[in-house]
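> sequence plus predicted model, see below.
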Amino acid sequence: MTLETCVEFTRACTGSTSSPDDPRVTQFLRAYDVSGAGAVTLGQLERFFIDACVDGQDLTLRQNFGRLGYSPSLQRLPQDGDAADILQTRSGLEQMPRYKVAENQGQFNSLVAVLGHDGEVGQRALEVLRMLATNPVLHRKVLSLSGTGCGGVFSWSEIFDDSNVHKMLYSLEIVEAILVRDEDEHESREWIKRFVTLGGL
C-alpha cells in the first residue's frame, strides 16, 4: 500500500476526504511502514487491524468495512455483477469459522496452552485468540455461574482455572464484559448479586 493507495483507502473506509498530508495517513504510515520504504505490506496492514481490535476499535473497523462492502459479521456483501450464489449463506454467528474454532474445546485449549510460550509464538497465539468468538462453553459457565465440583457444590475452579494463568485471565475478561454490557439492567444486577453471594469478591 503506497501513499496514494493509503489516501484512497482512508477515503473509502471513512467516507470522508483525504490527502497525502492527512494526519490519519501520515500517522498510519509512520506506525506501520517499518522499513521506511514509503509503503505498507499486507502483513503490516494485518497488524494494523489486529492492533485496532486489541485497542477496542473493532466497532469502528466494522463500520469502515461496511463502506467497503462487508456486513457487520465481516461477510462480503453482494456487488453488482456478482453471481446470485456467490455468498455462502450462514444462519448466524454459530456458522462462522471463528465461532466453530472457539467452540472446539480441544483447539481452544491448545491455543491457550501456546500462550505460555515466550516471544512471537505466544504473541501470535494471542492474536489468533483475539480474532475468535468468545469460547461459548466458558462464556456459558461464567454467565450462569453454574460450575459444580464434588457433590454438586458450586466451585470457582470450574470457571477460574488456577492451573493456567492465561485461561484464568480469559475468564476474568468474560466477567469484565458481562459487567459493562448494555443489556437488561435487572439481569446484570441479578448476575452481580449471585457473583457476590458466591464469594466472587
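Looks like it arrived, so ask away.
> for the protein, longest helix please?
For the chain, the helix with the greatest residue count under DSSP state H is helix 165-179.
> name the helices or strands packed onto it?
Secondary-structure packing of helix 165-179 (3 or more C-beta pairs under 8 Å, 6 or more residues apart in numbering; DSSP states H and E): helix 105-114, helix 136-144, helix 185-197. From N, CA and C alone the C-beta is placed, and that goes for glycine too.
> quick one: contacts of it?
112, 115-116, 129, 134-135, 138-139, 142-143, 159-162, 188, 191-192, 195 (C-beta atoms under 8 Å, 6 or more residues apart in numbering).
> quick one: that helix to helix 136-144, angle?
Relative orientation of helix 165-179 versus helix 136-144 (axes from the mean of the first three to the mean of the last three C-alpha atoms, to 10 degrees): 50 degrees.
> what angle separates helix 165-179 from helix 105-114?
Going by the same axes, to 10 degrees, helix 165-179 is angled at 110 degrees with respect to helix 105-114.
> any idea of the mean pLDDT for helix 165-179?
The predicted model assigns helix 165-179 a mean pLDDT of 86.
> quick one: buried ones out of the contacts of helix 165-179?
112, 115, 129, 135, 138-139, 142, 159-161, 191, 195 (16 or more other C-beta atoms under 10 Å).
> how about the lowest-mean-pLDDT helix or strand in the chain: buried residues?
For the chain, counting by mean pLDDT, DSSP states H and E, helix 58-67 ranks last in confidence among helices and strands (a mean of 80). Of the residues in helix 58-67, 64-65 count as buried by neighbour count, 16+ other C-beta under 10 Å.
> packing partners for that helix?
If you count contacts as 3+ C-beta pairs under 8 Å, 6+ apart, helix 58-67 packs onto helix 3-14, helix 42-54.
> list the contacts of the shortest one.
For helix 3-14, contacts defined as C-beta under 8 Å, 6+ apart pick out 1, 17-20, 22, 24-25, 28-29, 38-40, 64-65, 67-68.
> tilt between the helix or strand just after it and helix 3-14?
Later in the chain than helix 3-14, the nearest helix or strand by DSSP states H and E is helix 23-32. For helix 23-32 against helix 3-14, the angle by the same axes, to 10 degrees is 120 degrees.
> rewinding a little: quick check, nearest of the buried ones among the contacts of helix 165-179 to residue 53?
residue 129 (11.2 Å; C-beta to C-beta).
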